[in-house]
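Asker: below: sequence and its predicted model.
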Amino acid sequence: MAAAACVPVRVCHQEIVKFDLEIKAAVQDIRDCPGPLSALTMLNAAVKEKFRHLRGRIQELEQMAKEQDKESEKQALLREVENHKKQMLSNQAAWRKANLACKIAIDNSEKDQLLQGRDSFRQRKTTKESLAESASNITESLMGISRMMSQQVQQSEETVQTLANSSRTILEANEEFKSMSGTIQLGRKLITKYNRRELTDKLLIFLALALFLATVLYILKKRLFPFL
């Protein structure tokens, strides 16, 4: 029984939620209704119809809850029914308040229209002038925005050109760095070769000096100590 009623229960619940949202929207329309009373009457008729459908769906859900086999599912559905009933009562209270506020607003509006009847022509003229001034201000604002966008585009183009120039400069600097790196490498090799050559020259000078000293010592030995 519970499995078979699962789909109708879900559908019934969805319809209750739908009617609840529609009633809230309709109550807001009543609250915002500028009049006349005939428009308010039409809105109220639509709200009454939605309440009738909502009340019927809640009763259907309550009957489905009573027909559940499992006590836990039955109690859960009954709690939902109570919540929906409380929400419906809350919507009815909001409906009454919206009607009261709307009627007061319509009455005040009618009184203001009667009091301002003499100045209607002057107000229309002022409204036209205000609209013309607003249109002129809007046109100036649009022109200002257009100029600003043009400046932004120009600045973007300049930025792109600057980035392109910077990129070329970086590439050129990179090429120069590579060239300098090769020159430095060559210089390092030459210095290394020169250091080796210098070491060889020092070694030859040292050997020549040693040979010279040995020769001098030999000559001195022969002259000073011929008997040795």
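Answerer: Yes, it's here.
Asker: the helix-or-strand element of the chain with minimal mean pLDDT - contacts with which helices or strands?
Answerer: Within the chain, judged by mean pLDDT, DSSP states H and E, the helix or strand with the poorest mean is helix 120-224; its value is a mean of 78. For helix 120-224, there is no helix or strand it packs on, judged by 3 or more Cβ pairs under 8 Å, 6 or more residues apart in numbering; DSSP states H and E. For every residue, glycine as well, the C-beta is placed using N, CA and C.
Asker: roughly how far out does stretch 20-40 sit from the chain middle?
Answerer: Taking Cα atoms, centre = their mean, to the nearest Å, one finds stretch 20-40 lying 35 Å from the centre of the chain it belongs to.
Asker: okay, buried residues for that stretch please.
Answerer: 20, 22-24, 26-27, 29-31, 33, 40 (16 or more other Cβ atoms under 10 Å).
Asker: so how far is stretch 187-207 off the chain centroid?
Answerer: Distance of stretch 187-207 from the chain centroid (Cα atoms, centre = their mean) equals 70 Å.
Asker: what's the average pLDDT for the helix or strand containing Lys86?
Answerer: Per DSSP states H and E, Lys86 falls inside helix 71-115. Average pLDDT, helix 71-115: 90.
Asker: report the angle between the axes of that helix and helix 120-224?
Answerer: Computed by axes from the mean of the first three to the mean of the last three Cα atoms, to 10 degrees, the angle separating helix 71-115 from helix 120-224 equals 120 degrees.
Asker: check contacts around Pro8.
Answerer: Met64 (Cβ atoms under 8 Å, 6 or more residues apart in numbering).
Asker: so the helix or strand it falls within versus helix 71-115, what angle?
Answerer: For Pro8, the host element (DSSP H and E) is helix 6-32. Helix 6-32 runs at 20 degrees relative to helix 71-115, counting by the same axes, to 10 degrees.
Asker: what comes up buried for the next helix or strand after helix 6-32?
Answerer: As assigned by DSSP H and E, the chain's next helix or strand after helix 6-32 is helix 37-66. By neighbour count with 16+ other Cβ under 10 Å, helix 37-66 contains the buried residues 40, 43-44, 47, 50-51, 54, 57-58, 60-62, 64-65.
Asker: what is helix 37-66 packed up against?
Answerer: helix 6-32, helix 71-115.
Asker: returning to that earlier point: give me the mean pLDDT for the helix holding Pro8.
Answerer: 87.
Asker: report the angle between it and helix 37-66.
Answerer: 160 degrees.
Asker: quick one: helix 6-32 to chain centroid distance?
Answerer: With Cα atoms, centre = their mean, you get 33 Å for helix 6-32.
Asker: got it, and stretch 144-156?
Answerer: Using Cα atoms, centre = their mean, the offset of stretch 144-156 from its chain centre is 24 Å.
Asker: if we can go back for a sec, closest to Ser166 out of the buried residues of helix 37-66?
Answerer: Leu43 (66.2 Å; Cβ to Cβ).
Asker: how far away is the closest one from Gln92?
Answerer: Relative to Gln92, Leu43 is positioned 15 Å away (Cβ to Cβ, to the nearest Å).
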